[in-house]
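**Student:** How does the following fold in three dimensions:
(one chain, ligands or ions: 1)
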Amino acid sequence: MIALANPPVSTNRAFPADDNLTSVVSASRLNCFHSCRLKFYFRYVLEMVKPGSAALFVGKAVHAALQQWSTVRWRGLAHDAEALKAGFLMGWVTGQEDEPVSWEAGEEDDQQAKAWGLVEMYLRDTPVPAEEKPEAVEVRVEADLAKHGLPTLVGIIDLVRPGGRIVDFKTSAASPNAEQVIHRNETQLTAYGLLYREATGKHEAGFELHHLVKTKVPKLVVSEAPAITESQKTRFFRLIESYTDGVEREDYVPSPGLQCSACEFFAECRKGGAV
Ligand code: SF4
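**Tutor:** Here you go, the predicted structure:
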């Protein structure tokens with residue numbers, strides 16, 4: 001068991017250096033594999049890297065600003081709007097040094113303004129009080145699941161509010177479906193719950209998904225879920241078993257469907273070939 005209250009990490013890298021696909025799993029890997037095994041093959045086996053999309057970059061820039069905002073509170077300092085904006089603008093530049101984005105003419109300024117608009121909206125409408133000190137911010141956690149015959153689970157949790165409420169920030173183009181949002185994120189939430197339990201020895205109090213929605217007038221939608229149940233935990237373990245079994249058999253069949261419209265490997269997939 002490890003303490004959660006370590007200094008926030010500034011990296012998004014969740015995986016250890018000696019990572020391989022069947023010894024370490026994450027919610028992202030599980031979701032990708034179970035959504036389309038061929039997509040998983042392109043992304044994680046061949047490690048094909050595609051230029052970042054504008055939407056992805058905006059999401060990361062907003063996420064980084066919220067991380068900075070949470071870190072300031074974690075350190076017990078007062079919120080400084082000017083410093084936050086300066087950090088956001090600097091991150092906008094340095095982020096593209098690592099992951100270049102192909103903007104359309106005039107698009108970058110527009111997207112930057114929209115991204116900062118989302119941050120300002122969040123700071124105005126968030127249910128998190130300005131004086132609330134987080135339990136953890138952007139913390140990397142791992143859980144050894146060997147006693148269940150499973151790989152190590154890793155993940156980075158955006159924010160843990162006092163008492164163990166796990167928060168995940170998301171940016172989206174449209175409001176999440178109220179009836180489905182928790183179900184659609186069940187793999188990620190279950191992973192975070194297990195990681196929190198491993199790190200603290202306590203059960204999480206529940207979950208909050210904070211969707212920053214990029215509508216004309218940006219808005220915040222907060223969706224809540226209770227602590228994970230035993231049946232969710234069992235279902236999650238079966239998902240991991242199915243994942244490791246498929247990867248070991250190199251079962252990378254395609255799953256054509258609605259998800260193809262957002263697949264970065266559409267062109268490679270259409271070329272066909274044996275899988
Ligand atoms: S285009 Fe569709 S079927 Fe092909 S890899 Fe992507 S998600 Fe899978």
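
**Student:** How about the secondary structure of the nearest residue in space to Thr126 that is not next to it in sequence?
**Tutor:** Sequence neighbours aside, Leu220 is the residue nearest to Thr126 in space, at 6.8 Å (criterion: Cβ to Cβ, 6 or more residues apart in numbering). In short, each C-beta sits where N, CA and C put it, glycine included. What DSSP: H, G, I helix; E, B strand; the rest coil gives for Leu220 is strand.

**Student:** could you say what helices and strands the helix or strand where Cys269 lies packs with?
**Tutor:** If you go by DSSP states H and E, Cys269 is part of helix 266-270. Helices and strands touching helix 266-270, by 3 or more Cβ pairs under 8 Å, 6 or more residues apart in numbering; DSSP states H and E: there are none.

**Student:** burial measure for Gly91, as a count.
**Tutor:** 17 (other Cβ atoms under 10 Å).

**Student:** meant to ask about Pro129, not that
**Tutor:** 9.

**Student:** same thing with Val222?
**Tutor:** Quick note: Val222 (other Cβ under 10 Å) scores 13 neighbours.

**Student:** Thought Ile166 was touching Val137, still the case?
**Tutor:** No - contact criterion Cβ atoms under 8 Å: Val137 and Ile166 do not qualify, at 11.9 Å.

**Student:** Look up the closest residue to the residue of the stretch 1-150 of the chain found nearest the ligand, ignoring the ones flanking it.
**Tutor:** Using Cβ to the nearest ligand atom, the closest approach of the stretch 1-150 of the chain to the ligand is made by Cys36 at 3.3 Å. Take Cys36 and drop its neighbours on the chain: the residue closest to it by Cβ to Cβ, 6+ apart is Ser255, 4.2 Å away.

**Student:** Show me what the residue nearest to Thr126 bridges to in the sheet.
**Tutor:** Beta-bridge partners for Leu220, by DSSP bridges, are Leu212.

**Student:** Now the phi/psi pair for Val139, please.
**Tutor:** In terms of degrees, to the nearest 10, the main-chain angles of Val139 are phi -100, psi 130.

**Student:** Tell me how many other residues crowd the spatially closest residue to it that is not a sequence neighbour.
**Tutor:** Of all residues not flanking Val139 in the chain, Ile157 sits nearest, at 5.3 Å (Cβ to Cβ, 6+ apart). Ile157 has 23 neighbouring residues, counting by other Cβ under 10 Å.
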